[in-house]
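Novice: Provide a 3D model corresponding to the input given below.
(chains A and B)
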Number of protein chains: 2
Amino acid sequence: MQETRLDTDRILAACEVIDPVFLNTPLYRCEALEPHLGCAVSLKLETANPVRSFKARGTELITSLIADAGASAVVCASAGNLGQALAWSGRKRGIVVTVVASRSAPAVKLDRIRALGARLELVPGDFDQARERATALAEHYGFRLVEDSLDIETCEGAATIGLELADTSPSFDAVLIALGGGALATGVGHVLKALAPGVEVICVQPQGAPAMTHSWHSRQVVTTDATDTIADGVAGRNPIPAVLDDLLLVADDAVLVQEASITTAMRLLLHHAGLVVEPSAALGIAAILENPTRFAGRHVATIICGGNVDIDAYHRWVGATPGRRDRSRPCS
Amino acid sequence: MQETRLDTDRILAACEVIDPVFLNTPLYRCEALEPHLGCAVSLKLETANPVRSFKARGTELITSLIADAGASAVVCASAGNLGQALAWSGRKRGIVVTVVASRSAPAVKLDRIRALGARLELVPGDFDQARERATALAEHYGFRLVEDSLDIETCEGAATIGLELADTSPSFDAVLIALGGGALATGVGHVLKALAPGVEVICVQPQGAPAMTHSWHSRQVVTTDATDTIADGVAGRNPIPAVLDDLLLVADDAVLVQEASITTAMRLLLHHAGLVVEPSAALGIAAILENPTRFAGRHVATIICGGNVDIDAYHRWVGATPGRRDRSRPCS
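Specialist: Residues are numbered from 1 along each chain as shown, chains lettered A, B, ... in the order given. Modelled structure (predicted):
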């Protein structure tokens, strides 16, 4: 098999660098969800840590290397979770962190980035415009630019989740992974293909932000003009070619889900698993809801990748009453 | 020092018996909560597992011993969480489980007990009436009776949480523990006094169910005629003398909190930690809210001991809008 940019030995070594508070996260069958999904479901919970997402696995790795190299200032573009994680990991190591984010990112994410001591610059437009601005800041000030999914440490940090999933016996039949820039999907996918090759690796993206999924199916980069989804954490328009190349090697499928399925999945996770998750973290459950036949009778794991959500928006999406009809309201 | 019924070596050995899915649960600083509490706060999260409470640490231990002894049927009285945990652990070991619960226990807890294959018998009245009925069933049918807090395994299973807390460096200044029957408080308290004696052990009970706290302060069993609290998991009227004796040895204090503080604490945990918790799990945060001076500038840990809550009731207590005024509604 052709090789990805990732290296399994480096990923194993990463576990020694990443703060243990982000490792060995809960992984458990959630039987209360199963009657609603028609398959066995295990949850890998990445929200019970100081930054409430998986992103610190990568930022721990990257800031450790940056600190070792003597750099003292970094900048990243972020939909919100990477910035929060980079702020946390940078603060711990005395690195000055600048985060560029879209003005429309969830307030809870922006507030936490500031609270963790990072400098926050807001730009109009979306994540891809934040990327352009971060690149300009890095060039102008000589900051080290951290690029999510392109920087191999962001993928290999996320890949440590794959080690914890691959360690499960018996293996899962399939793992459902939220797909945005691709760090999580290529990371976890790489490890599963290396250590548990019988597990089907399925990426899930919203129909309102389908660039990487379209690229995967076309086997070449496909960009889109805009995104339209509540799943802010995965809403990119411009896939990175090197990341797509990796994804083509490790993903067995990439599927798109509707906004209504995302909100229904969030509601199921609240009512039957007691979990408040951000929309991106509900993509896997949404994929089961949209194609129950595919998963019937199988044992599926999905990564609950983040829980940073504005609680007002959350209540609008999920509703306050069990059984209430879907009230999804895609951002425009 | 006089000795409790618990044994630290047995507690260490228990970690080899308890299913790993219940061990090494998340323990992390939650800085987003701290501006609202005026102290450093770490959360020990016992809700991200197949039964959504800490109780399976004890039932894993007790069912393992029961299975080794060749018994095949057990009965317990439960406010809901013990029954769910005993059903899970019993099913795994081929033990027939009967649970007696109050008709007024949360539906979510009762539904999960049934779904896990246990026989559920509902009684009018409260937890203490369920205890009487469970004892009668055990005598009549020869079932092994599992008595929460009295059976040493329920305390020593819970005590493994103490091992995970004591392993933290630097230690916490105080640990806040929900107090009901006393298994959690005596278990965790025993380990902390043995392994981290500088940590202040503070038990927290609702004013509406104060029997054990009154007993601790009086140094003798004090019973009450009724309970009146939304914290169903800790609502007992008749403390067990042997458990009180242990608690007198390991607790530094026992405090009572108001219902309004419990709902405010639940709301803070939702808005700033992204956690849906049952009322009993919010008692520690409620205690900080009621006495911020006591905890100012200290590092406090609290055990988020359960997340099984009827979501309709939860929304009534917590409200859908951040900042909305308290809408606590004690059960009558």
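Novice: List of residues touching stretch A:225-237?
Specialist: A:53, A:79-81, A:104-106, A:126-128, A:178-181, A:205-209, A:211-212, A:223-224, A:259, A:262-263, A:278-281, A:283, A:305-306, A:313, A:317, A:328-332 (CB atoms under 8 Å, 6 or more residues apart in numbering or on different chains). All C-beta spots, glycine's among them, are computed from the backbone N, C-alpha and C.
Novice: again, 6 Å this time
Specialist: The contact list for stretch A:225-237 (CB atoms under 6 Å, 6 or more residues apart in numbering or on different chains) reads A:79, A:81, A:127-128, A:178, A:180-181, A:206, A:208-209, A:211, A:223-224, A:279-280, A:306, A:330-331.
Novice: go on, stretch A:291-304?
Specialist: Under the criterion CB under 6 Å, 6+ apart, residues A:38-47, A:172-177, A:277, A:281, A:284, A:288 lie in contact with stretch A:291-304.
Novice: Can you list which of the residues you listed are found in helices?
Specialist: A:284, A:288 (DSSP state H).
Novice: which of the contacts of stretch A:291-304 count as buried?
Specialist: A:39-47, A:172-177, A:277, A:281, A:284, A:288 (16 or more other CB atoms under 10 Å in any protein chain shown).
Novice: All the helices of the stretch 201-332 of chain A, residue numbers only.
Specialist: Using DSSP state H, counting those that start in this stretch, the helices of the stretch 201-332 of chain A run over A:211-218, A:241-250, A:259-273, A:283-290, A:292-295, A:311-318.
Novice: near chain B, which residues of chain A show up?
Specialist: Neighbours of chain B within chain A, by CB under 6 Å from any CB of the partner chain: A:21, A:26, A:28-29, A:45, A:48-50, A:52, A:271, A:274, A:276, A:307, A:311, A:315, A:320, A:322.
Novice: Apply 8 Å and report the result again.
Specialist: A:21, A:24-32, A:43, A:45, A:47-50, A:52, A:112, A:115-116, A:270-271, A:274-276, A:307-309, A:311-312, A:315, A:320-322 (CB under 8 Å from any CB of the partner chain).
Novice: Buried ones only from those, please, as a PyMOL command.
Specialist: Buried residues within the residues of chain A next to chain B, by 16+ other CB under 10 Å, are selected in PyMOL with:
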select buried, chain A and resi 21+25+26+27+28+29+30+31+32+43+45+47+48+49+50+52+112+116+270+271+274+275+276+307+308+309+311+315+320
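Novice: quick one: the host helix or strand of residue A:112 to helix B:259-273, angle?
Specialist: For residue A:112, the element it lies in under DSSP states H and E is helix A:107-115. Angle of helix A:107-115 versus helix B:259-273, following axes from the mean of the first three to the mean of the last three CA atoms, to 10 degrees, is 80 degrees.
Novice: how about helix A:107-115: buried residues?
Specialist: A:108-113.
Novice: For residue A:253, the count of nearby residues, please.
Specialist: 16 (other CB atoms under 10 Å in any protein chain shown).
Novice: That one touches residue A:205, doesn't it?
Specialist: No: Residue A:253 lies out of contact with residue A:205 (CB atoms under 8 Å); the separation is 11.3 Å.
Novice: so is residue A:99 in a helix, a strand, or just coil?
Specialist: strand (DSSP: H, G, I helix; E, B strand; the rest coil).
Novice: Look at the residue nearest to it when sequence neighbours are not counted and say how many residues are nearby.
Specialist: Sequence neighbours aside, residue A:83 is the residue nearest to residue A:99 in space, at 3.5 Å (criterion: CB to CB, 6 or more residues apart in numbering or on different chains). When neighbours are counted by other CB under 10 Å, residue A:83 registers 34.
Novice: show me what contacts residue A:83?
Specialist: A:76, A:97, A:99, A:101, A:109, A:113, A:118, A:120.
Novice: Now the two most distant members of those residues.
Specialist: Pairwise distances among the contacts of residue A:83 were taken by CB to CB; the largest, 14.2 Å, belongs to A:97 and A:109.
Novice: Only alpha carbons, please: show the helix holding residue A:112 as PDB.
Specialist: Output in PDB follows, covering the C-alpha atoms of helix A:107-115 (Å, rounded to 0.1, in the frame of the first residue of the first chain):
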ATOM      1  CA  ALA A 107     -18.900  32.900  21.200                       C
ATOM      2  CA  VAL A 108     -18.100  30.100  23.700                       C
ATOM      3  CA  LYS A 109     -15.000  29.100  21.600                       C
ATOM      4  CA  LEU A 110     -13.800  32.700  21.200                       C
ATOM      5  CA  ASP A 111     -14.300  33.500  24.900                       C
ATOM      6  CA  ARG A 112     -12.300  30.400  25.900                       C
ATOM      7  CA  ILE A 113      -9.500  31.300  23.600                       C
ATOM      8  CA  ARG A 114      -9.200  34.800  25.200                       C
ATOM      9  CA  ALA A 115      -9.600  33.300  28.700                       C
END
